[in-house]
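Peer 1: Need the 3D shape of this:
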Amino acid sequence: MSIENSLAYSYIALVQKYNNILQQTDTMEILKDDFEFARIKKFSFSLLKNLSKKMNLNVSDKASIINEIMETRNKIEQIFLATYTLNLELRCKFMEITADKTYIEPLVELDQMQNYNFENIINDISELLFSITSSPQQAFGKNLLEVIPLGFKYASARRYIKESLKYVPYDENISNKLFFTLLGGFDATDEESKSMLKDNFEQIVNLDDDASYDEYYDDLEEILFFNDDYLDLLNDIFCLLGCICNLLVLENFDFDTLLELHPSFSDLYYIIKNPKQYNSIEISERIDMIEEELQEIYFESLDLDNPTEHIMHFCLSLFLDDLINFYKGDSKVHFKEIDMFLEELDKYVAKATPEEVNAKLQYILSRIPFTMNEGQFKTYLNNSFKNNDFAVNVFTVEKLKELLSFDEEVLSFINENLSEFIDGLDFNNLLNDTFLE
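Peer 2: Predicted coordinates for the structure are as follows:
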């Protein structure tokens, strides 16, 4: 019975990922001329829409499809990591220019913003951040640090990084992950990818003679947002293919048997084949309800001692996001790889410019577990305001207000679960009156 629960959950997870992919039409439209992505999309969608036929094949043919899926997933992983590498370098450049008066001063109207009360801002942002609970606080804290120019000297930043990384769960690949995700950049890729990524980077960041600073800023921000969406899209396709693998792994399990596992499965498959005929909001709500139901049953019956279930659980649990994200664990452990990473960070700091160092440290702080208490955060934000030009501070406040507006677009970049924690907080006051004298 637990195998059937694994199969049922694999199917609803597949439908959920496909639904996510369909919501990313703008990203896919931009990628329509990308040959490699077009091939991946065509292969994945063809498998999905012909799932009934594929599941009824013999064992040998199913095995051949699974091998092709594994090869495609490996290719998706390569593209994902290359895109992340480019985005790391671009985001550090973006952080660098948002702390540079030369770039920022033309973007703000200083005469209209002389009344900002930075003490109020520090207190109000801190109160908001520490009024929400652990998981959303992690997401929100990291997003704030991504917007706020560095508020640490190097020694303080190094100590904070060291203490934060102690909360990262250890795994055998942690050393490579630390270097690649936080520091590596182009140097962490192979020679062919390094050359291509560097060329792309230079083409993006070189300011055209006829471009204004605001055009340059907007273009760079738009590219970063697109790359973030592209990473999400690649992750969804990667996971979708893993779910299809699970549905092909059993010898005597056909499509009709799959549809019998839940009363809604037949309808959902028809929707997959004809998505434009249905209201996307209603369908999304229905999929969410079924997924929540089957997920609970799945984890209650999961038997990892069963080799088949173990493999299926691995496919369901493997996300490309895990290759680049650091989550805060329950325990605090110092492992030697932290010291090895800090030694590499010291080498980077010794050869980089102060502006590059500040941007890189700001990026690292926005990726690792958020472990500041309220007093530390207030000091950090205060130091950032004290150490930067007024134009940069005004620009930072504007980005904080944007982050705090919690409209659907911004909220999607913060954390989709954060909205439930904001009821009852006076955001109009926070966004306006309390920022002024």
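
Peer 1: Run a quick neighbour tally on L318.
Peer 2: For L318, the number of neighbouring residues by other Cβ atoms under 10 Å comes to 15. Any C-beta I mention is one placed from the backbone N, CA and C, and that applies to glycine too.

Peer 1: Averaged pLDDT, the helix ranked longest in the chain. What do you get?
Peer 2: With DSSP state H setting the assignment, residue counts place helix 59-97 as the longest helix in the chain. Model confidence over helix 59-97 averages 94 on the pLDDT scale.

Peer 1: Can you list the buried residues in that helix?
Peer 2: Residues of helix 59-97 classed as buried: 62, 65-66, 69, 72-73, 76-77, 79-97 (neighbour count, 16 or more other Cβ atoms under 10 Å).

Peer 1: what's the span of stretch 326-338, first residue to last?
Peer 2: 13 Å (Cα to Cα, to the nearest Å).

Peer 1: chain center to that stretch: distance?
Peer 2: 20 Å (Cα atoms, centre = their mean, to the nearest Å).

Peer 1: hey, where'd the strands end up in the protein?
Peer 2: Counting by DSSP state E, the chain has no strands at all.

Peer 1: so where's it shaky on pLDDT?
Peer 2: Low-confidence regions of the chain, defined by pLDDT under 70, span residues 1, 110-115, 186-192, 207, 209-210, 277-279, 406-437.

Peer 1: Roughly how far does the residue of it most remote from its centre sit from D346?
Peer 2: Using Cα atoms, centre = their mean, the residue of the chain lying farthest from its centre is N58. It sits 38.3 Å away. With distances defined as Cβ to Cβ, to the nearest Å, the gap from N58 to D346 amounts to 58 Å.

Peer 1: And F395, by the same measure?
Peer 2: For F395, the distance to D346 (Cβ to Cβ) stands at 31 Å.

Peer 1: the more surrounded of these two?
Peer 2: Under the criterion of other Cβ under 10 Å, the comparison of F395 against D346 puts F395 first, with 24 against 11.

Peer 1: surely the more buried one meets A99?
Peer 2: No. In this structure, F395 is not within contact of A99 by Cβ atoms under 8 Å, at 9.1 Å.

Peer 1: Count the residues that sit near V205.
Peer 2: Here the number of neighbours of V205 (other Cβ under 10 Å) works out to 16.

Peer 1: Now it. Nearest residue, chain neighbours left out?
Peer 2: Distances taken as Cβ to Cβ, 6 or more residues apart in numbering put K93 closest to V205, at 5.3 Å, once the chain neighbours are dropped.

Peer 1: can you pull the contacts of the residue nearest to S6 when sequence neighbours are not counted?
Peer 2: Sequence neighbours aside, M312 is the residue nearest to S6 in space, at 4.7 Å (criterion: Cβ to Cβ, 6+ apart). M312 sits next to S6, L7, S10, N246, V249 when contact means Cβ atoms under 8 Å, 6 or more residues apart in numbering.

Peer 1: Also L250?
Peer 2: If you count contacts by Cβ under 8 Å, 6+ apart, L250 has them with I3, L7, T308.

Peer 1: Can you report how many residues lie near N246?
Peer 2: Here the number of neighbours of N246 (other Cβ under 10 Å) works out to 24.

Peer 1: From what I see, E398 and I104 are in contact.
Peer 2: No. Contact between E398 and I104 fails when scored by Cβ under 8 Å: they sit 10.1 Å apart.

Peer 1: out of these two, which sits in the more crowded spot?
Peer 2: In this comparison of E398 against I104, neighbours counted by other Cβ under 10 Å, the higher total goes to I104 at 22 against 16.

Peer 1: separation between that one and I97?
Peer 2: In this structure, I104 and I97 are 7 Å apart, going by Cβ to Cβ.

Peer 1: How about M28?
Peer 2: The value you get for M28 to I97, if Cβ to Cβ is used, is 30 Å.
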